[in-house]
Structures are given as structure tokens and as C-alpha cells.
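Participant: Structure for this input, please:
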Amino acid sequence: MRTRNIAIVAALALLAMATAVAADVTGTWTASFDTQVGVQNYTYTFKVDGGKLTGTAKSSLSESASAITGGMINGDDISFVENLDYQGMPFQIAYKGKISGDEIKFTRTVTEGITEDLVAKRAK
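Facilitator: As a prediction, the model looks like this:
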């Protein structure tokens with residue numbers, strides 16, 4: 001009985017560790033989606049170090065890439081903030097998503113009450 005309980009606890013611990021490992025999204029991802037200002041084509045460049053995510057986000061409507069800050073990955077959950085300049089003013093867009101293979105389903109919060117859904121795909 002005791003051996004069986006130890007085996008079950010060990011198996012559960014291994015399962016918990018496996019799900020806590022951050023997915024590797026390092027590389028380039030692209031997305032095209034409708035927004036209040038029209039269709040945007042984005043290129044995201046991610047770098048993962050442990051559970052920390054950094055990188056850039058570049059919109060087809062912008063001249064330069066925006067820094068990604070506050071990025072985290074926990075299992076298949078991903079979140080970060082895109083810091084951009086909108087008509088000379090700093091602006092932040094918060095992203096939350098789920099990683100599934102070569103796709104990430106994001107919801108981004110542009111401002112309070114305005115969200116946009118998009119799917120980013122790993123560039124090949």
C-alpha cells in the first residue's frame with residue numbers, strides 16, 4: 001500500500017513538473033487580424049529565457065518595432081505588453097494567449113473594454 005502511494009505521488013509530481021515547463025516560442029510569429037483601425041499584419045519576434053519572454057512586435061501600420069515587456073510563459077499560457085508610440089504618445093497593449101503547437105490564440109486588450117482576438121502562427 002505504501003509503495004503504491006509513493007508511486008502515485010511521484011507520477012503526479014512528474015506530471016506537474018512537465019506541465020509547468022514553459023513552451024518554447026522563441027522565433028518569429030505572424031498574424032493578420034481586423035482592428036478598429038483596419039486590418040493589421042503583425043510580426044512578433046520572441047525570445048524565451050526560462051519563463052521570461054522578451055522581444056518585439058511590428059505592425060504593418062507602424063514604422064518601427066515595439067518592445068515587448070512584462071512577458072511570461074507558464075506551460076501553454078503566454079502574456080506580455082506591447083509598448084508602442086501612437087501619434088507621439090506612449091501606448092500599451094496587453095496580450096494573453098494559449099500556445100498550441102505552431103499557433104498562439106491571443107486576446108489583446110487595446111483599452112479598457114476594447115479587446116481583439118487573433119491567431120499568430122510560427123513563421124517557417
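Participant: Please compute how far stretch 85-96 lies from its chain's middle.
Facilitator: Going by CA atoms, centre = their mean, to the nearest Å, the spacing between the C-alpha centre of stretch 85-96 and its chain's C-alpha centre is 16 Å.
Participant: Contact partners for the closest residue to Ser64 other than its chain neighbours?
Facilitator: Using CB to CB, 6 or more residues apart in numbering and skipping the chain neighbours, the partner closest in space to Ser64 is Lys58 (7.5 Å). From N, CA and C alone the C-beta is placed, and that goes for glycine too. With contact set as CB atoms under 8 Å, 6 or more residues apart in numbering, Lys58 has these partners: Tyr42, Thr43, Tyr44, Thr45, Ser64, Ala65, Ser66.
Participant: Shouldn't the fifth one be within a strand?
Facilitator: No - read with DSSP: H, G, I helix; E, B strand; the rest coil, Ser64 is coil and lies in no strand.
Participant: Can you pull the phi/psi pair for it?
Facilitator: phi -130, psi 160 (degrees, to the nearest 10).
Participant: So for it, what pLDDT did the model give?
Facilitator: Per-residue confidence at Ser64 stands at 89 (pLDDT).
Participant: What count of nearby residues applies to it?
Facilitator: The local packing of Ser64 (other CB atoms under 10 Å) involves 9 other residues.
Participant: what's the answer for the one 10 residues further on, then?
Facilitator: Residue neighbour count, defined by other CB under 10 Å, stands at 13 for Asn74.
Participant: Pretty sure it sits against Gly50.
Facilitator: No - in terms of CB atoms under 8 Å, Asn74 does not count as a neighbour of Gly50; the distance is 10.5 Å.
Participant: ok, Gly51 touching Asn74?
Facilitator: Yes - assessed by CB under 8 Å, Gly51 is found in contact with Asn74 at 5.9 Å.
Participant: any idea which helix or strand carries the spatially most central residue of the chain?
Facilitator: Centroid check for the chain by CA atoms, centre = their mean gives Ile78 as the closest residue, at 3.9 Å. Under DSSP states H and E, the secondary-structure element containing Ile78 is strand 77-86.
Participant: quick one: buried residues of that strand?
Facilitator: Residues of strand 77-86 classed as buried by neighbour count (16 or more other CB atoms under 10 Å): Ile78, Phe80, Val81, Glu82, Asn83, Leu84.
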